[in-house]
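> mind folding the following:
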Amino acid sequence: MHILVVTDQHPDSLGGAQVAIRTQRASLERLGHRVSIAAPALHRRGYRVAAEDREAYIELPSRPITADREYGLSWPTRRTDRALAEALHGLPPVDLVHVQGDFWGAMIGIRAARGLRVPLVFTMHNNVDQGTRAVTRFAPLVFLALRGWRTLSLGRVRGSVSARARGAWRYLAELAAEADAVLAPSRHFANQLESRGVAGQAHAVRGGVDDSLISVVRESPRGPRTRPLLVWLGRMSHEKRVLEFVEAIARSGIDADVRLYGAGLLLEQVNARIAAHGLENRVRVVGPVSHEAALAALREADALVQTSVGFETQGLTPFEAAALGTPTIFCDEAIADDAAVTPAWLVPDESVEALASTLREAVAQLQSAPRSLRVDSNQTSIFLQSAQTRRLVEIYERAIAR
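All right, here's what the predicted structure looks like:
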């Protein structure tokens, strides 16, 4: 098969969905399929597409939308349609379009599937309702604007939309209406899409962890330490609750080293909060790193701290951590239930004090058993991308057969 993946952000930009897309591509190619990925061109300073990715990546006309030029926007217009069509010219015919985006990538992908007259599979990575409400009190107006933008880009809805779909969920339902299959990166988000009327059936297909990378990193030795090492990975934004994490570290008084990997709009505030609490000797902001370096950090750590609540549609890093043997301190019960591995710790509520208390509990246990609190590999084979790709190919084949 030749699968055209269309997404909101460049596959080499930062983010769990981007990691999942790259890993899916590699796994599909190992099975003999061809994958092309269309996304906004990446404007990060100094970035160049790697030689091994040039045939797979289709960089669409775009403009940067963040100060660090990490993320871009491509308008779903005829100009973008032409750029995509020109890039596909001369390649084997596309058998299926797989949209893995919820905004402009979704609209560009739907337009492409219509033009190519091929089946459409849609993975919804983004909890648009929760994410929008976390950053603005005008969320209902944003949802109306999104629906209006969808209408301008795609015209009338081609398919039925459940009366249960409201607000952001109706926007997603209108996007999903003409899909041959709707996917979600976790069972808990698939259930939410179904209950909110976005799709009658949503298949849970996780963003898997890379088999080959995991096997190499898992065998790497872990260095000596005098106290436990905790890591946090992600985009430094309000919905990720990174400021609450720093506050909880200060309140907990834990004797542990903490490393924060990533960047974002709150980076300056994170550094200021660390300094204000006098945590510089224990808490260090490493910044953004490659996926391989992030996996190495997860392997080295004694525990990962997952801090967002209700926002993540999967939360890939706890699954990667578990596959590397590293337990997680969970703030989101749904992600903890999806992972279902031991050892693990679950923060009982969303308060900073509850997080601080759980940090104290986890660090105390890690101090008393400094090398033995690890996740056994027998619990994590289902997390590997090879297992998830087999399910994905079955869905593709059913969509094409229909």
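
> which element is Leu304 on?
Assigned by DSSP states H and E, Leu304 belongs to strand 303-306.

> for the stretch 251-400 of the chain, give me the ranges with low pLDDT.
370 (pLDDT under 70).

> so where do the strands sit in it?
257-261, 283-287, 303-306, 328-330, 345-346 (DSSP state E, counting those that start in this stretch).

> next, the buried residues of the second one.
This means strand 283-287. 283, 285-286 (16 or more other Cβ atoms under 10 Å). Using the backbone N, CA and C atoms, a C-beta is placed for each residue, glycine as well.

> now it - C-alpha only, CSV.
Only the C-alpha atoms of strand 283-287 are listed here, as CSV (Å, rounded to 0.1, in the frame of the first residue of the first chain):
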residue,chain,number,x,y,z
VAL,A,283,16.0,20.8,39.5
ARG,A,284,17.5,21.4,36.0
VAL,A,285,15.8,22.4,32.8
VAL,A,286,17.5,20.4,30.1
GLY,A,287,15.4,21.8,27.2
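
> and the host helix or strand of Ala113, what does it pack against?
Under the criterion of DSSP H and E, Ala113 resides in helix 104-116. Secondary-structure packing of helix 104-116 (3 or more Cβ pairs under 8 Å, 6 or more residues apart in numbering; DSSP states H and E): strand 2-7, strand 34-40, helix 78-88, strand 96-100, strand 120-123, helix 139-154, helix 168-176.

> contacting residues for the residue nearest to Leu355 when sequence neighbours are not counted?
Distance criterion Cβ to Cβ, 6 or more residues apart in numbering; nearest residue to Leu355, sequence neighbours excluded, is Ala248 at 3.9 Å. By Cβ atoms under 8 Å, 6 or more residues apart in numbering, the contact set of Ala248 is 352-353, 355-356, 359.

> equivalent analysis for Val99, please.
5-7, 105-106, 109-110, 113, 120-123, 175, 179.

> follow-up on the earlier one: now flag whichever of the contacts of Ala248 is closest to Leu84.
Nearest to Leu84 among the contacts of Ala248, counting by Cβ to Cβ, is Leu355 at 44.4 Å.

> how near is the closest one to Gly315?
Separation of Leu355 from Gly315 (Cβ to Cβ, to the nearest Å): 16 Å.

> and Ser212, by the same measure?
22 Å.

> and these two? Which one has more around it.
Shown here are Ser212 and Gly315; by other Cβ atoms under 10 Å, Gly315 has more neighbours (27 against 14).

> how far off centre is whichever strand or helix holds Trp232?
If you go by DSSP H and E, Trp232 is part of strand 229-233. In terms of Cα atoms, centre = their mean, to the nearest Å, the centre of strand 229-233 is set 18 Å apart from its chain centre.

> which outside residues touch it?
Contacts with strand 229-233, where a contact means Cβ under 8 Å, 6+ apart, come from 242, 245, 256-262, 294, 297-298, 300-305, 307, 317, 329, 359, 363.

> ok, now stretch 301-310?
With contact meaning Cβ under 8 Å, 6+ apart, stretch 301-310 is reached by 127, 130, 225, 228-234, 239-242, 244-245, 258-259, 298, 315, 317-318, 321, 326-332, 334-335, 345, 350, 355, 359, 362, 366, 370, 373.

> ok now it, how far from the chain's centre?
Centre-to-centre, stretch 301-310 and its host chain are 14 Å apart (Cα atoms, centre = their mean).

> can you check stretch 259-266 too?
Relative to its chain's centre, stretch 259-266 lies at 15 Å (Cα atoms, centre = their mean).

> just stretch 301-314 next, same as before
That offset, for stretch 301-314, works out to 11 Å (Cα atoms, centre = their mean).

> got the end-to-end distance for it?
With Cα to Cα, to the nearest Å as the measure, stretch 301-314 spans 21 Å from end to end.

> how's this protein carved up into domains?
By the record's domain assignment, the chain is partitioned as 2-208+384-401, 211-382 (automatic domain parsing).

> and the longest one, how far out from the chain middle?
If I follow you right, that is domain 2-208+384-401. Using Cα atoms, centre = their mean, the offset of domain 2-208+384-401 from its chain centre is 12 Å.

> the closest residue to Ala184 other than its chain neighbours: how many residues sit nearby?
Distance criterion Cβ to Cβ, 6+ apart; nearest residue to Ala184, sequence neighbours excluded, is Ala190 at 3.9 Å. The number of residues packed near Ala190 is 22, by other Cβ under 10 Å.

> Ala190: which element?
helix 187-195.

> buried stuff in that helix?
Residues 187-190, 192-194 are the ones in helix 187-195 that count as buried (16+ other Cβ under 10 Å).

> between those, which sits nearest Ala17?
Phe189 (12.3 Å).

> mind checking how far that closest one is from Leu60?
Using Cβ to Cβ, which is the criterion applied here, Phe189 is 27 Å from Leu60.

> with adjacent residues omitted, what lies nearest to Ser62?
Nearest to Ser62 is Pro40, by Cβ to Cβ, 6+ apart, at 3.4 Å.

> what residues are up against that neighbour?
Counting by Cβ under 8 Å, 6+ apart, Pro40 touches 8-10, 59-60, 62, 71-74, 104-105.

> could you flag which of the residues you listed are buried?
Those of these that meet the buried threshold are 8-10, 59-60, 62, 71-74, 104-105, by 16+ other Cβ under 10 Å.

> now these as CSV including pLDDT, distance to Ala134 and secondary structure?
What follows is the buried ones among the contacts of Pro40, written out as CSV (pLDDT from 0 to 100; distance: Cβ to Cβ, whole Å; DSSP: H, G, I helix; E, B strand; the rest coil):
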residue, pLDDT, distance to Ala134, secondary structure
Asp8, 97, 18, coil
Gln9, 95, 18, coil
His10, 96, 24, coil
Glu59, 97, 30, strand
Leu60, 97, 28, strand
Ser62, 96, 25, coil
Tyr71, 91, 17, coil
Gly72, 95, 22, strand
Leu73, 96, 20, strand
Ser74, 97, 24, coil
Trp104, 97, 20, helix
Gly105, 97, 21, helix
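
> that'll do, ta.
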